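Engineer: For reference, the sequence and a predicted model appear below.
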Amino acid sequence: MPRVQSIQMRVLLWGWGVLIAGLALAFWRYGATLDEETARDFERDTLAKLESVQWMLERGGPFKEPRDRQDFLHSLAGHMGMRISLIQGGRVLADSSVPFGDLEKLDDHSGRPEVVAAQGEEVGQSTRHSATLDRDMIYMARKLPASFGEPDAVLRLAAPVSQVRMHVQRMRWELLAAAIPLLIGSGLLLWLLSRTITSGIAQFTEAAQAIGEGDYRRKILFYPAAEFQPLAEAINRMAKKIKKNVKVIENQRGELWAMFEGMSEGVMVLDSKGRILHVNPALSAIFPRASEFIGRAPLEATMSLEIQNLVDSVMAGERSERVSRQIELKDRHCAEMTVVPFRDHKYRPRVILVFHDTSEQKRVERVLRDFVANASHQLRTPLTSIRGYAETLLDAPPEDEAKRREFLDIIRANAVHMAKVIGGMFALAKSEREGKRASELSASVAQSMDHALKNASFAAQEKNIEIELEPLPDNLPKAAADPDGVLQIIDNILDNAIKYSPENTSVRISAASDGQSLALRFQDQGPGITPEDQKRIFERFFRADSNGVDGAGSAGLGLAICRHIARNYGGEVWVESPADPGTGTGSVFTVRLPVA
Ligand code: ADP
């Protein structure tokens, strides 16, 4: 900032400047007048003295001796404080300042200007240096009348110039002496006046600073002069208004922050350089480490080039309208991202990214879609069969009782199959709907196993299949799973083992744990499963033909349900076959579940 002079100094300098200029002008004008007046006074005074001396000379004379005249003039000059000379035809007859004996030595005075002028009727006057007295003198001379006795005699009075000048000088000094207190007094007054202004300004500055720092209750109640009133009122009004506005802004900020923190959508606010400025807690559900990338590019937090490209195009001013995109994330997660561009106070492009996690929505949609597609596909065939046989029985029932029973058996078998398909699909949909909750769950494997063995005992007895349960380890931990889910898995695997194994075989069950997870192993003596079928048996509705077992009543959903449930708990189900490499038969199903 350029150096600016203070008001106090300006007022002082300007005030003094004007005063000094005025005084100088007055001094100059008064000086000139004084000079003239003094000269005129002197002239008048000398003329009067000239007349007095003339009168006294006429009365005092005639003098017997020239010396008497000289002495008379000398004593007269002493009284008057002037030099008196009597000149006739250039010769000095008498002179109060020259000893009588020296009169003869004096120059011829006929050429002196005052003497020359006095030859006429007027008074001669001259100011010049006197060689006799060696100083500047003012002369006034006048011709004496003939009655005086000395024809053409000139009487001359002289006074030193310094005498006149001294008087003027003294007057000037007096004037100057009067100006000094005037200057000091006016300076003091100006200083006080300017101090009033500057103290007012200082007071206002302090108040404005306090308001700027947030002290909105600050008010200016006292000010040094009435002229400050409008300014004081304006500042007070401004503080009040700012206080009100700040309150509104703070409330809005609080509300916005609460919304930002509490909203279920993940939000990422970017700064004017396209770097992450804020992220809300919900964003961590989509990008778990997003909060570690404050000040970095969105690409680093999201690992998505698509997001970065969209942000870049907005920051480059290529896009100004909001745009929504579906983005694929890791682990089958997906989200709908909305890029909301806006301009900041400097009209720079800025962006807010809003992420709505649509994984759950997509999953439910997929489940529903699959459910409907699978249901219609799986139910169509048995329904067509039921309808066909039912219509035959109604419209043209066979004569043969055995044939009619066969038709009814087919209808019942299809109905059983449909019930199984629907039950399986519901179980699958349920397992998908429940999602992961493993951390809250615990299931006793022993209890589930006991339950499942009871469920399977009837079917096992029918085929004379022996179920051998190896003694469970004493310290077998509980599984981090829902007991119903564990039972469903065991039920399905045991059901298959019995269903696909020939009569008079056995199924061996064992359990073990490594502390982190526990494994349940089911080994049967069935036909085994080919490597190709092993890859597909966990798919929905897949039923292998290679095991040579009639699949009536099976829906091809059992293993898909098992795997789904196990995975929901963070576990897994897999198969190894053949269990007996010698004969190439038998399958081993293993279920791994995390420990609670
Ligand atoms: P479902 O048993 O209803 O057909 P699953 O999903 O339970 O459906 O089984 C899928 C297929 O896997 C079965 O159709 C069967 O071919 C084969 N499978 C399952 N368990 C065994 C097993 N223990 N031995 C041989 N094959 C099996």
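Structural biologist: That came through fine.
Engineer: In this protein, where is pLDDT below threshold?
Structural biologist: Scanning the chain for pLDDT under 70 picks out the ranges 1-3, 61, 331, 371, 374, 377-378, 428, 431-440, 545-554.
Engineer: what does it have sitting close to the ligand?
Structural biologist: 492, 496-497, 500, 524, 526-527, 529, 537, 542-544, 547, 551, 554-560, 587 (CB under 6 Å from any ligand atom). (C-beta placed from N, C-alpha, C; glycine too.)
Engineer: I figured Leu142 hits Val154, correct?
Structural biologist: Residue 142: Arg, not Leu. Yes - at 6.9 Å, Arg142 counts as touching Val154 under the criterion of CB atoms under 8 Å.
Engineer: Need the three-state assignment for Asp450.
Structural biologist: Here Asp450 is helix, with the state taken from DSSP: H, G, I helix; E, B strand; the rest coil.
Engineer: Strands along the stretch 301-450 of the chain, start to end?
Structural biologist: 323-328, 334-343, 349-357 (DSSP state E, counting those that start in this stretch).
Engineer: Just say which of those is most tucked in.
Structural biologist: Ranked by mean neighbour count, these are led by strand 349-357 with a mean of 20 (mean count of other CB atoms under 10 Å).
Engineer: quick one: that one to strand 334-343, angle?
Structural biologist: 160 degrees (axes from the mean of the first three to the mean of the last three CA atoms, to 10 degrees).
Engineer: Partner strands of strand 349-357, with direction?
Structural biologist: Next to strand 349-357 in the sheet, as set by DSSP bridges, lie strand 266-270 (antiparallel), strand 334-343 (antiparallel).
Engineer: got a list of contacts for the longest one?
Structural biologist: Outside strand 334-343, the residues within contact range by CB atoms under 8 Å, 6 or more residues apart in numbering are 266, 286, 307, 310-311, 314, 319-329, 349-359, 362.
Engineer: The same query, at a cut-off of 6 Å, please.
Structural biologist: Contact partners of strand 334-343, identified using CB atoms under 6 Å, 6 or more residues apart in numbering, comprise 286, 310, 314, 320, 322-328, 350-359, 362.
Engineer: which among the residues of the chain next to the ligand end up buried?
Structural biologist: 492, 496-497, 500, 524, 526-527, 529, 537, 543-544, 547, 554-560, 587 (16 or more other CB atoms under 10 Å).
Engineer: Would you mind confirming that His299 is in contact with Ile307?
Structural biologist: One thing to correct before we go on: residue 299 is Leu, not His. No - Leu299 is beyond contact range of Ile307, at 7.1 Å (criterion: CB atoms under 6 Å).
Engineer: Run through the bridge partners of Ala479.
Structural biologist: Taking DSSP bridges as the rule, Ala479 bridges to Ala443, Val595.
Engineer: Show the contacting residues for it.
Structural biologist: Counting by CB under 6 Å, 6+ apart, Ala479 touches Ala443, Val445, Val486, Leu518, Leu593.
Engineer: ok, 8 Å please
Structural biologist: Ala479 neighbours (CB under 8 Å, 6+ apart): Ser442, Ala443, Val445, Val486, Leu518, Tyr569, Gly571, Leu593, Pro594, Val595, Ala596.
Engineer: what do you get for Asp107?
Structural biologist: Per CB under 8 Å, 6+ apart, neighbours of Asp107: Ala131.
Engineer: isn't there a strand covering it?
Structural biologist: No - judged by three-state DSSP, Asp107 forms no part of a strand; its state is coil.
Engineer: What distance do you get for it to Val92?
Structural biologist: Asp107 is 9 Å from Val92, where distance means CB to CB, to the nearest Å.
Engineer: In helices, which of the buried ones among the residues of the chain next to the ligand appear?
Structural biologist: Using DSSP state H, the subset of these located in helices is Asn492, Asn496, Ala497, Tyr500, Gly558, Leu559, Ala560.
Engineer: Just give me the closest of those to Leu193.
Structural biologist: Of all these, Ala560 has the smallest distance to Leu193: 98.8 Å, by CB to CB.
Engineer: Quick check: that closest one touching Ala566?
Structural biologist: No - applying CB under 8 Å as the test, Ala560 and Ala566 come out as separate, 11.1 Å apart.
Engineer: who touches stretch 154-165?
Structural biologist: Counting by CB under 8 Å, 6+ apart, residues outside stretch 154-165 touching it are 38-39, 42, 46, 49-50, 53-54, 57, 80-88, 114-115, 118-119, 124, 127, 130, 133, 135-144.
Engineer: Go through that stretch and flag the buried ones.
Structural biologist: Val154, Leu155, Arg156, Leu157, Ala158, Ala159, Pro160, Val161, Val164.
Engineer: tell me the contacts of Phe32?
Structural biologist: Residue 32: Ala, not Phe. Not one residue lies near Ala32 by CB under 8 Å, 6+ apart.
Engineer: Surely it is in a strand?
Structural biologist: No - applying three-state DSSP, one finds Ala32 to be helix, outside a strand.
Engineer: Tell me how far it lies from Gly582.
Structural biologist: Relative to Gly582, Ala32 is positioned 148 Å away (CB to CB).
Engineer: got it, and Asn251?
Structural biologist: Distance, Asn251 to Gly582, using CB to CB: 81 Å.
Engineer: So between these two, which is more surrounded?
Structural biologist: Asn251 (10 against 7; other CB atoms under 10 Å).
Engineer: What separation is there between the most centrally placed residue in the chain and the ligand?
Structural biologist: Centroid-nearest residue in the chain, with CA atoms, centre = their mean: His345, separated by 10.1 Å. From His345 across to the ligand, the span is 63 Å (CB to the nearest ligand atom, to the nearest Å).
Engineer: for Arg218, same thing?
Structural biologist: Taking CB to the nearest ligand atom as the measure, Arg218 and the ligand are separated by 80 Å.
Engineer: In three-state terms, label that residue for me.
Structural biologist: coil.
Engineer: Between Leu299 and Ile307, which has more neighbouring residues?
Structural biologist: The neighbour comparison of Leu299 against Ile307 (other CB under 10 Å) goes to Ile307, with 21 against 17.
Engineer: Is the more buried one in contact with Ile327, as I believe?
Structural biologist: Yes - at 6.8 Å, Ile307 counts as touching Ile327 under the criterion of CB under 8 Å.
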